[in-house]
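Colleague: My questions concern the predicted model and sequence given below.
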Amino acid sequence: MNYKRLFIPNSYIFITVCTYKRQNILIDNIEYLRKSFKYALSVFNFEIIAIVVNPDHLHMIIKTENINNYPKIIGIIKKHFTQISNIKYSINENRESNIWQRRFYEHTIRDENDLYKHIDYIHYNPVKHGLSTSPKNWTFSSFNKFVKEGLYDENWCNLNDKYGINKMNIE
């Protein structure tokens, strides 16, 4: 199957990368994943706008100097992680490991509203998957960086007080 990817210069790209058969290996190997991102950043010029790492997948929005490089960026992160982690892996006839899903999902951000929706999706993702009751409690995310920059309230999407009931003045 031939995949068609958009390569629109100066675009933000939302990317989802999953582990093979949704193995829960990323959090346990987060330091290797961080090293793999640092390595990719040393090879390619790109910026991570927002990111969340869950046990079996990650979501991120990146902006790269050369839009044609984003598939290579994903490839180098996956390859580097596979090589440096202590995870036992095998390689199939297509030279693919059993650590990562073969493909990755990408979406070219269309406008500012689309960008904000995808940033919200990224930060809500650990709550969606039952990993945390609040984005602020999930340390493998850019959410707290956004809070420090004043872009989110610390209690945004806090399911402990889902409807703001604790703040309501009922008399």
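Modeller: All right, it came through fine. Numbering: from 1, shown residues only.
Colleague: got any ranges where the protein has weak pLDDT?
Modeller: For the chain, the stretches with pLDDT under 70 are 1-3, 94-96, 159-171.
Colleague: Of all residues in it, which one is nearest the centre?
Modeller: residue 59 (2.3 Å; CA atoms, centre = their mean).
Colleague: next one: phi and psi at that one?
Modeller: Dihedral pair for residue 59: phi -120, psi 140, per degrees, to the nearest 10.
Colleague: does it really touch residue 51, like I thought?
Modeller: Yes: in this structure, residue 59 is within contact of residue 51 by CB atoms under 8 Å, at 7.1 Å. Where C-beta positions appear, they are placed from N, C-alpha and C, glycine not excepted.
Colleague: any shared contact partners between these two?
Modeller: Applying CB atoms under 8 Å, 6 or more residues apart in numbering, one finds that residue 59 and residue 51 are jointly contacted by residue 122.
Colleague: Next, the buried residues of the longest helix along the chain.
Modeller: Criterion DSSP state H: the longest helix present in the chain is helix 112-128. Within helix 112-128, the residues that count as buried by 16 or more other CB atoms under 10 Å are 115, 118, 119, 122, 123, 124, 125, 126, 127.
Colleague: Same question for stretch 75-84.
Modeller: 76, 77, 78, 79, 80, 81, 82.
Colleague: all strands of this protein, in order?
Modeller: With DSSP state E as the criterion, the chain has strands at 12-18, 46-53, 57-64, 105-108.
Colleague: chain center to the second one, what's the gap?
Modeller: Relative to the centre of its chain, strand 46-53 is centred 6 Å away, using CA atoms, centre = their mean, to the nearest Å.
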